[in-house]
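> no sequence on this one, just coordinates:
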Ligand SMILES: [Zn+2]
């Protein structure tokens, strides 16, 4: 359990991240910059990147998936902050180090459990 000041800091970080994500998603969904341009811009210049062999549709789908997952992690973190269990690993109940949370405010697992979860996929 983090102290009051830390909780307030993480709350602000999460809200800022949430706003940034929503703005990015909105602009990619037909805002000032069209979706296709965003995808082209995103993968431009990486001649050898395997992103190039994906079709444009696949690339956009992958980006959406990533953003949706990121947004849901931010929302979960905000809910946990409110519930008073923010910074506690979802899987092993260990306290997530503050340094990790400062780098990734939406981190829901400790590093060990996160890398384990990623390997499962
Ligand atoms: Zn853990």
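Noted; the coordinates are in hand. For clarity, every value in this text was computed on a predicted model and none was experimentally measured.

> and residue 8, how far is that from the ion?
Distance, residue 8 to the ion, using Cβ to the ion, to the nearest Å: 24 Å. Bear in mind the C-beta positions are built from the backbone N, C-alpha and C, glycine included.

> show me where pLDDT drops low in this protein?
1-2, 30-54, 56-57, 59, 61, 63 (pLDDT under 70).

> ok, now how distant is the residue nearest the centre of the chain from the ion?
Centre of the chain computed as the mean C-alpha position; nearest residue by Cα atoms, centre = their mean is residue 70, 2.9 Å away. Distance, residue 70 to the ion, using Cβ to the ion: 20 Å.

> look up phi and psi at that residue.
phi -60, psi -40 (degrees, to the nearest 10).

> also residue 95?
phi -80, psi 130.

> surely the residue nearest to the centre of the chain touches residue 21?
Yes - under the criterion of Cβ atoms under 8 Å, residue 70 makes contact with residue 21 at 6.0 Å.

> contacting residues for the residue nearest to the centre of the chain?
By Cβ atoms under 8 Å, 6 or more residues apart in numbering, the contact set of residue 70 is 21, 106.

> any idea how far residue 28 is from it?
Look at residue 70 and residue 28: by Cβ to Cβ, to the nearest Å, they are 13 Å apart.

> now swap in residue 73 and tell me
For residue 73, the distance to residue 28 equals 18 Å [Cβ to Cβ].

> tell me the spacing between the residue nearest to the centre of the chain and residue 3.
In this view, residue 70 and residue 3 are 26 Å apart by Cβ to Cβ.

> next one: residue 74
21 Å.

> higher neighbour count, those two?
Neighbour tally, residue 74 and residue 3, criterion other Cβ atoms under 10 Å: the higher count belongs to residue 74, 23 against 8.

> alright, I will stop here.
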